[in-house]
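# Build me a model:
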Amino acid sequence: MSLEIGAVEEFGYEVKTHHLASELEGSEGGTLFPKVYSTGAMVGLMEATCARQLARTLAPGEISAGAGLERVTHTAPTGLGSRVRARAIYRGLEGKLHRWDVEAFDAHGLIGTCIHRRVVLDAQRFHKKARERAKAPT
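Predicted structure coming up:
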């Protein structure tokens, strides 16, 4: 099964405490960042939306992994308890990379955009490589 160019996927959730910028590791107890939806959480939402769409096309033993983000914007603050959602439009294959244009929204409108790319991999080989890298000295 393959994705059709122009296929749309949407996914969303309610902003919880762990999504806030003030909760990021290294935020000095919340003093370095505001108590709003973090850019990292927004990017995670965008990535998850694309991964969910691609997952329906994967063969047994395959997994997809993020391969790049471009032109990420985060243009509006969103508070705790707000509902956020991403809308991903599949743009096709570029070599081995699947590409989407993604927008994120809250109840008031657009909060961010990006271009996201994912690659399809053999799950066992991918996880083996990750375990090996985890053991490597830093």
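# the strands in the chain, which residues?
Using DSSP state E, the strands of the chain run over 8-14, 62-74, 83-94, 97-106, 109-122.
# Which other helices and strands does the shortest one contact?
Using 3 or more Cβ pairs under 8 Å, 6 or more residues apart in numbering; DSSP states H and E, the elements in contact with strand 8-14 are helix 39-55, strand 83-94. For every residue, glycine as well, the C-beta is placed using N, CA and C.
# Next, the buried residues of it.
Residues E9, F11, G12 are the ones in strand 8-14 that count as buried (16 or more other Cβ atoms under 10 Å).
# Quick check, pLDDT for the nearest residue to the last one once chain neighbours are set aside.
Think G12. Excluding the flanking residues, the one nearest G12 by Cβ to Cβ, 6 or more residues apart in numbering is R85, at 2.9 Å. At R85, the model reports a pLDDT of 98.
# same deal with V72?
V72 is given a pLDDT of 98.
# Can you get me a residue count around the closest residue to it other than its chain neighbours?
Once flanking residues are discounted, V72 sits nearest to C114: 4.4 Å by Cβ to Cβ, 6+ apart. Using other Cβ atoms under 10 Å, C114 has 23 neighbouring residues.
# Now do the contacts for C114.
V43, M46, L69, E70, R71, V72, T73, V102 (Cβ atoms under 8 Å, 6 or more residues apart in numbering).
# any weak-confidence spans in this structure?
The chain contains residues with pLDDT under 70 at 138.
# most centrally placed residue in it?
Compute the mean C-alpha point of the chain, and by Cα atoms, centre = their mean the closest residue is E47, 1.9 Å away.
# Would you check how far apart that one and K35 are?
Distance check for E47 against K35: by Cβ to Cβ, to the nearest Å, it reads 23 Å.
# One more: S82?
For S82 relative to K35 (Cβ to Cβ), the value is 12 Å.
# How many residues are close by the closest residue in space to G40 that isn't next to it in sequence?
Leaving out its chain neighbours, the residue that sits closest to G40 by Cβ to Cβ, 6+ apart is L24, at 7.0 Å. The local packing of L24 (other Cβ under 10 Å) involves 16 other residues.
# F33 is in contact with L24, correct?
Yes - between L24 and F33 there is a contact under Cβ atoms under 8 Å: 6.0 Å.
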